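J.: Mind folding the following:
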Amino acid sequence: MLRFFDKSEVTKCFFVSTAALSAFVQFSSSVTRSHFRYDVSSILNEHELSRLFLSKTAFVEPSDFFFGCIIIYQYRLFERRFGSRKYLSSVIWLFTLSTALELLSTGILSKYGITLSILPSGPFFLIYPFFVYYFFDIPNVSVMNSFASPLSRKLFLYFLGLKLATSTIGSLVVSGCGLLAGLLYRYTFIQRINLIPSPVARVLSRILSPIFASGESKDDQTPIGATLEIQRQEALDRQEQMLMDLKRSQVMNLIRSRNSDPNLVSRPTVSYRRRSYVPEPQDVRRLTEMGFSEEQVNQALIATHGDLNDAISLLKSPTFFQQ
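T.: Prediction:
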């Protein structure tokens, strides 16, 4: 399973350390487990900062351990998207924001007679804040159809997140603070502040790469999983990554075209679409790399006049090529 963390060494480090510490806590004595409990009153009143950091390193509850590790594993694509340096910086920011909001919210709730002395333990700052990016930035990739409606992996992760968030009142508080931290990070200036200097990033890369780096495959496009399920998982990962790359390239092309022709914004888009459209070779290559045949790609691009998003939707539709 660890080979799925290709180009996401920081996420692999978080996953392995979280799983190892959580497993250790599950089989430890009650005295040891107590050191990992997120005791807000002890942190605020007795200034036990060590407890604050320990409570963020491991899941104490078995259900949180199981579902949390699954979500962290699925979130490995964010490091590939951000880059390891920016991803690690975002984790530090989200840890700081979510923890501050959690402590502040418990203080506010106590004034209204709602006392929450114990909150769920675990690295939830790696889970809830990134749901904001998962919702807005990750495209839907259909996995199966149920009652004529496509189901995607995003729905599965939303279900796991909802299960984690609704187990206790404390879980609701932690999830709400995490989502708010994700919104604050995404829509404010702090996302432009990188807390990891380049020299530090190089040192960390030299330390982590020999331990957590995945071996390069001779052919990245060839599934090498031992089972069909692993191969299917790899194909879905590649498709999601390519969808994000396509969207990013479309935005950059639009910006370049507007900069080169200021009057482009005021012109109707339809005027640029020719009746006899010839697909661009780079568009054909990108879509064929996602696993579609060249003939299907050409038909979809011609039908959509080169709109990549519409073409992808047609290629994923089982009824398009039956017409």
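J.: can you list the domain ranges for this protein.
T.: Here the domain parsing of the chain from automatic domain parsing is 2-212, 228-322.
J.: Compare the mean pLDDT across the ones you listed and name the weakest.
T.: Mean pLDDT values for these show the minimum at domain 228-322, a mean of 64.
J.: so where does residue 96 fall, helix or strand?
T.: Under the criterion of DSSP states H and E, residue 96 resides in helix 84-111.
J.: Neighbouring strands of whatever helix or strand comes next after that helix in the sheet, and parallel or not?
T.: Proceeding N to C from helix 84-111, the next assigned helix or strand is strand 118-119, under DSSP H and E. Strand pairing for strand 118-119, using DSSP bridges, gives strand 38-39 (antiparallel).
J.: What is the next helix or strand after the partner strand packed up against?
T.: Heading C-terminal from strand 38-39, the first helix or strand you meet, by DSSP H and E, is helix 40-45. Helix 40-45 sits against helix 49-54, helix 84-111, with contacts defined as 3 or more C-beta pairs under 8 Å, 6 or more residues apart in numbering; DSSP states H and E. All C-beta atoms are positioned from the backbone trio N, CA, C, and that covers glycine.
J.: out of the domains of the chain, deepest packed?
T.: Of all those, domain 2-212 carries the top mean neighbour count, a mean of 17, counting by mean count of other C-beta atoms under 10 Å.
J.: Okay, the residue nearest to residue 163 when sequence neighbours are not counted and residue 120: tell me how far apart.
T.: Among residues not flanking residue 163 along the chain, residue 67 sits closest, at 5.9 Å (C-beta to C-beta, 6 or more residues apart in numbering). To residue 120, residue 67 is 11 Å away according to C-beta to C-beta, to the nearest Å.
J.: residues touching residue 117, list them.
T.: Contact analysis of residue 117 by C-beta atoms under 8 Å, 6 or more residues apart in numbering lists 39, 40, 41.
J.: all helices of the stretch 101-250 of the chain, in order?
T.: Remark: helices assigned in the stretch 101-250 of the chain by DSSP state H, counting those that start in this stretch are 128-137, 153-165, 169-187, 198-212, 228-260.
J.: could you say what helices and strands the second one packs with?
T.: Yep, that's helix 153-165 we're talking about. Helix 153-165 sits against helix 62-74, helix 128-137, helix 169-187, with contacts defined as 3+ C-beta pairs under 8 Å, 6+ apart.
J.: Now for residue 8: which residues touch it?
T.: By C-beta under 8 Å, 6+ apart, the residues touching residue 8 are 76, 77, 79, 80, 84.
J.: Show me which pair in those residues is furthest apart.
T.: 77 and 84 (12.9 Å; C-beta to C-beta).
J.: May I see the helices and strands packed on helix 40-45 arranged in CSV, with distance to residue 314 as well?
T.: Shown next, in CSV, are these (distance: least, C-beta to C-beta, whole Å):
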stretch, distance to residue 314
helix 49-54, 50
helix 84-111, 33
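J.: hang on, residue 28 is in a helix, isn't it?
T.: No: using DSSP: H, G, I helix; E, B strand; the rest coil, the assignment for residue 28 is coil, not a helix.
J.: so what's the backbone phi/psi at it?
T.: When read as degrees, to the nearest 10, the backbone of residue 28 gives phi -90, psi 170.
J.: what does residue 188 give?
T.: Per-residue torsions, residue 188: phi -120, psi 180 (degrees, to the nearest 10).
J.: how much space is there between it and residue 181?
T.: As defined by C-beta to C-beta, residue 188 lies at a distance of 11 Å from residue 181.
J.: And for residue 48?
T.: Taking C-beta to C-beta as the measure, residue 48 falls 22 Å from residue 181.
J.: What of residue 100?
T.: Between residue 100 and residue 181 the computed distance is 8 Å (C-beta to C-beta).
J.: Next, the contact list for residue 171, please.
T.: So residue 171 contacts 120, 164, 165 (C-beta under 8 Å, 6+ apart).
J.: ugh, wrong one, I meant residue 113
T.: Listed by C-beta under 8 Å, 6+ apart, the contact set of residue 113 is empty.
J.: Pop out the phi and psi values for it.
T.: Note on residue 113: backbone dihedrals following degrees, to the nearest 10 are phi 80, psi 10.
J.: what bridges to the nearest residue to residue 170 once chain neighbours are set aside?
T.: Leaving aside its sequence neighbours, residue 170 sits nearest to residue 119 (C-beta to C-beta, 6+ apart; 4.5 Å). Beta-bridge pairing for residue 119 (DSSP bridges): residue 38.
J.: Could you check what's spatially nearest to residue 54, not counting adjacent residues?
T.: Leaving out its chain neighbours, the residue that sits closest to residue 54 by C-beta to C-beta, 6+ apart is residue 36, at 5.2 Å.
J.: how far away is residue 282 from residue 300?
T.: From residue 282 to residue 300 the distance is 15 Å (C-beta to C-beta).
J.: ditto for residue 129
T.: Separation of residue 129 from residue 300 (C-beta to C-beta) stands at 36 Å.
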